[in-house]
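Peer 1: Any chance you could fold what I've pasted below:
(chains A and B)
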Number of protein chains: 2
Amino acid sequence: MNIPRTSFPRIVIIGGGFAGVALAKKLSKQEVQVVLLDKNNYHTFQPLLYQVSTGGLEPDSIAYPIRKILKDFPNFYFRLADVEEIDTQKNKVKTNIGNLKFDYLVVASGSTTNFFGNTEVERHSMAMKTIPQSLDLRSLILENFEDALLTSDLNERNALMNFVIVGGGPTGVELAGALAEIKKGILPKDYPDLDTRLAQIHIVQSSNCILKGMSAQASAKAEDFLEKLGVNVWKNVRVTNYDGKTVTTNTDLTFETATLVWAAGVKGATIKGLDAQDLVSRGNRLLVNEFNQVKGYNHIFAIGDIACLVSDEFPHGFPMMAQPAIQQGDQLGDNILKLIENQHMEPFSYTDKGAMATIGRNKAVVDLKRWKFQGVFAWYVWMFVHLFFLIGFRNRMVVFVNWVYNYVRFDREARLIIRPFKNKHKV
Amino acid sequence: MNIPRTSFPRIVIIGGGFAGVALAKKLSKQEVQVVLLDKNNYHTFQPLLYQVSTGGLEPDSIAYPIRKILKDFPNFYFRLADVEEIDTQKNKVKTNIGNLKFDYLVVASGSTTNFFGNTEVERHSMAMKTIPQSLDLRSLILENFEDALLTSDLNERNALMNFVIVGGGPTGVELAGALAEIKKGILPKDYPDLDTRLAQIHIVQSSNCILKGMSAQASAKAEDFLEKLGVNVWKNVRVTNYDGKTVTTNTDLTFETATLVWAAGVKGATIKGLDAQDLVSRGNRLLVNEFNQVKGYNHIFAIGDIACLVSDEFPHGFPMMAQPAIQQGDQLGDNILKLIENQHMEPFSYTDKGAMATIGRNKAVVDLKRWKFQGVFAWYVWMFVHLFFLIGFRNRMVVFVNWVYNYVRFDREARLIIRPFKNKHKV
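Peer 2: The predicted model follows:
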């Protein structure tokens, strides 16, 4: 790879998600060379992907060009690359566009959907971790409604209008709520010749509560909100298979659906060469110490979803969410500079800023450290926080305009099948 | 196709472009059943596609769900369908989702890119008539710059940074201007490690002026604007071939480029069963009389780009642009109702509202009937008119926010490779 060697130490960051970008920003004006590698040329604001899937936001407003985030930083290089292997012996990263030596390596490769080995579910279900996946889901939902008009077989029509979401975490809950609002506010107008009351939204959770990372109060209220919106919440039910038509579970319950969204888990996106069994925790995450150093290495780090940093509070590692990622990236910036200067690094210290989820119009749940609240005000807080954390003034403005419009008009206008999903698979 | 027969006559419209939508709106509250067929579920505002290709606007803001345009109209049906054939004997339309009988048929199928039979150019060049095509071009432009970083072969690097646009109509001119602004304002910041001054933008026009549908004054000023922006304007040059690397012309001139955009012509998108040689004009358009009736038929009409309506002013048919399409759709609405009631139809009468094109920041040309002007004010007029004709309040707001942002910040933020183009072709 065509990157000049300078007298500054070279820090290679794999991944431009929350963690990688936070780190790169921190290192921006220091005497180091930073090379950021990502397979996309944009940073994705993952918490709003479900709004792309449901036509509430355009994909471009929750993505931001990585080159632009870092354009004023000297000694900064971005390369669009798939990292194929890490050679920890020769301190080299192998990619589809060539190899690159590093002095320090930071793995911030994030996570991917975890199907827990169930390949049939994987083949037939939709995931929602990336922008293309979210657009595929948007297309599929709309294509299903168009197809529902064409069939006179009632079972088939129902299956096309049913949605099963597996996983009661924030992604699943937010998607279920958005679909319920579409069912109520948009489908009857768009499809007057279809009995859209028959559309069913199911959310299936293997444990005994939804939003289990949040307070009992938030969980109960979220369930209450979902039920008010007409979503069927199934607890203590585990999906065992899906053949593209029928969802089977570990109980008698089955669902007929053309759309299964799998939001039941993620796993670390490990990279060849740094995936030996003793390096990896449950959930396929790289074990790191309190300085985010990968086990056994002084100069190789992992941050964000891919890193499993165990603490008293989180014996299985920090939750795979934006806040730990941002804070790890930010603090590692200081630590790498200390390491370079042979100073002592500081152990990672986490500030819990709380958690939140939105279920629908005027319906959100917020857990702060000392205050838990739900409802309209929580919904405003949720919107404000998400706008604030979006990168880029234009993105904020566009998202704001969309939200105001959607709120006032009970609408979601981006219901466009730009790249058909079913046709793609037929071809 | 699953559409109930009522006592109202059924009018089938093929195509939800400017013409088809204008007609459907006109018929909305009348005693007719309207069925609109389109292969997309959205209407595309084609005049702004070049801004999607160049990262200035998100695709979702220039597309609008057809179902939503027509949601309050009784007796209206939309179906997402590819029309495969028209059976003029049995008054039936054959589609990929079944057949449909009609009482009246209106073909508003628009136009496609015309490569004039040059299949090699067609295989290697980019078109810009649809949203997916515009997104592909956006991806390709950005992928080329990423690739330019990777090669040490200077010729290859230059080819990756060169753009050849064939056709000096509004599309070609607007795209060339936008690329020139990207070269000047964005590339040096995004690619500090690349000598982006070497990027060249060429526009190739076979006749002796650009924007030949407009006044000599507009044409000359547009050329002047392009040259100020650093675009190379080649007149009286015809592209003869392109093998993916080298563009050859009917002169000694050749270009090395990885990107050829073909904006040199369009042709009517005729449909099997209504494409007999005697029905079709030069440019593959359906010959219609002054009531937009297809030659030889009383109950089959064509409007918009697909229709060749010859007049004294336009001996080869009206220009293939939005205004004739909208006006034909609008007036045909009245005429069909008259025909149903056995009244005399009115011949199509065209109101020339003028023409305009934008070349770049503060640079546009406007031809009105009695007033031709260029420059800053023309640019404001251009923006106002385009905002006004966009469908949907949300789209207008989002486009407005983007334009203000882009103007103030000299920026275009949607430079995202969401679906890679080169990789798609490699797979």
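
Peer 1: Is it correct that A:Cys308 falls within a strand?
Peer 2: Yes. Checked against DSSP: H, G, I helix; E, B strand; the rest coil, A:Cys308 lies within a strand.

Peer 1: wait, what's in contact with it?
Peer 2: A:268, A:281, A:283, A:285-288, A:316-317 (Cβ atoms under 8 Å, 6 or more residues apart in numbering or on different chains). (Each C-beta comes from the backbone N, C-alpha and C, glycine too.)

Peer 1: so what does the helix or strand harbouring A:Val121 touch, helix or strand wise?
Peer 2: Assigned by DSSP states H and E, A:Val121 belongs to helix A:119-124. Counting contacts by 3 or more Cβ pairs under 8 Å, 6 or more residues apart in numbering or on different chains; DSSP states H and E, helix A:119-124 packs against strand A:239-242, strand A:259-262.

Peer 1: mind checking how far A:Leu339 is from chain B?
Peer 2: Separation of A:Leu339 from chain B (Cβ to the nearest Cβ, to the nearest Å): 27 Å.

Peer 1: surely that residue meets A:Gly333?
Peer 2: No. Applying Cβ atoms under 8 Å as the test, A:Leu339 and A:Gly333 come out as separate, 11.1 Å apart.

Peer 1: Any regions of chain A where pLDDT drops low?
Peer 2: The model of chain A has pLDDT under 70 over residues A:425-427.

Peer 1: And it, split by domain according to the record?
Peer 2: A:10-39+A:81-113+A:266-340, A:119-264+A:361-426 (automatic domain parsing).

Peer 1: And A:Leu339 and A:Gly333? Which one has more around it.
Peer 2: Between A:Leu339 and A:Gly333, A:Gly333 has the larger neighbour count (other Cβ atoms under 10 Å in any protein chain shown), namely 23 against 19.

Peer 1: Tell me if the more buried one really is in a strand.
Peer 2: No. Counting by three-state DSSP, A:Gly333 is not found in a strand; it is helix.

Peer 1: which residues touch it?
Peer 2: Shown in contact with A:Gly333 (Cβ under 8 Å, 6+ apart): A:22-23, A:25-27.

Peer 1: So A:Glu85 lies in a strand, does it not?
Peer 2: Yes. Judged by three-state DSSP, A:Glu85 forms part of a strand.

Peer 1: Show me the beta-bridge partners of it.
Peer 2: Per DSSP bridges, residues listed as beta-bridge partners of A:Glu85: A:Lys94.

Peer 1: who in the stretch 51-200 of chain A is up against chain B?
Peer 2: Neighbours of chain B within the stretch 51-200 of chain A, by Cβ under 8 Å from any Cβ of the partner chain: A:58-61, A:63-65, A:67-68, A:71, A:77, A:79-80, A:97-98, A:131-132, A:135, A:142-143, A:146, A:149-150, A:152, A:189-193.

Peer 1: Please enumerate residues in contact with the helix holding A:Val121?
Peer 2: So helix A:119-124 is contacted by A:115, A:239, A:241-244, A:260, A:262 (Cβ under 8 Å, 6+ apart).

Peer 1: just stretch A:341-357 next, same as before
Peer 2: Residues contacting stretch A:341-357 (Cβ under 8 Å, 6+ apart): A:170, A:173-174, A:211, A:213-214, A:218, A:222, A:290-292, A:309, A:311, A:313, A:318, A:321, A:323-324, A:327-328, A:331, A:334-335, A:338-339, A:364-369, A:378, A:381-382, A:385.

Peer 1: end to end, how far does it reach?
Peer 2: When the termini of stretch A:341-357 are compared using Cα to Cα, to the nearest Å, they are 42 Å apart.

Peer 1: if we can go back for a sec, which of the residues of the stretch 51-200 of chain A next to chain B fall in strands?
Peer 2: A:63-65, A:77, A:79-80, A:98 (DSSP state E).

Peer 1: PyMOL command for the buried members of those?
Peer 2: With 16 or more other Cβ atoms under 10 Å in any protein chain shown as the criterion, this PyMOL line picks the buried residues out of those:
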select buried, chain A and resi 63+64+65+77+79+80
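
Peer 1: need the ones in strands among the residues of the stretch 51-200 of chain A next to chain B in TSV with distance to B:Met397, can you?
Peer 2: Formatted as TSV, these follow (distance: Cβ to Cβ, whole Å):
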residue	distance to B:Met397
A:Ala63	20
A:Tyr64	20
A:Pro65	23
A:Tyr77	37
A:Arg79	36
A:Leu80	32
A:Gly98	44
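
Peer 1: Please check the residues of the stretch 51-200 of chain A next to chain B and keep the buried ones.
Peer 2: Neighbour-count burial (16+ other Cβ under 10 Å) applied to these gives A:58-61, A:63-65, A:67-68, A:71, A:77, A:79-80, A:97, A:131, A:135, A:142-143, A:146, A:149-150, A:190-191.

Peer 1: The domains of chain A: which one's closest to B:Ile86?
Peer 2: Minimum separation from B:Ile86 across these (Cβ to Cβ) falls at domain A:119-264+A:361-426, 20.1 Å.

Peer 1: Just give me how far that closest one sits from the chain centre.
Peer 2: Distance of domain A:119-264+A:361-426 from the chain centroid (Cα atoms, centre = their mean, to the nearest Å) equals 14 Å.

Peer 1: rewinding a little: are any of the contacts of stretch A:341-357 buried, and if so which?
Peer 2: Judged by 16+ other Cβ under 10 Å, buried ones among those: A:170, A:173-174, A:211, A:214, A:218, A:222, A:291-292, A:309, A:318, A:321, A:323-324, A:327-328, A:331, A:335, A:339, A:364-367, A:378, A:381-382.

Peer 1: quick revisit: so which of the domains of chain A comes closest to B:Leu160?
Peer 2: The nearest among those, by Cβ to Cβ, is domain A:10-39+A:81-113+A:266-340 at 13.7 Å.

Peer 1: Ends of the closest one, what's the gap?
Peer 2: OK, domain A:10-39+A:81-113+A:266-340 end separation, Cα to Cα: 11 Å.

Peer 1: Contacts only, for the closest residue to A:Ala81 other than its chain neighbours.
Peer 2: Nearest residue to A:Ala81 in three dimensions, chain neighbours excluded: A:Thr95, at 4.0 Å (Cβ to Cβ, 6 or more residues apart in numbering or on different chains). Taking Cβ under 8 Å, 6+ apart, we find A:Thr95 in contact with A:1, A:37, A:79, A:81-84.
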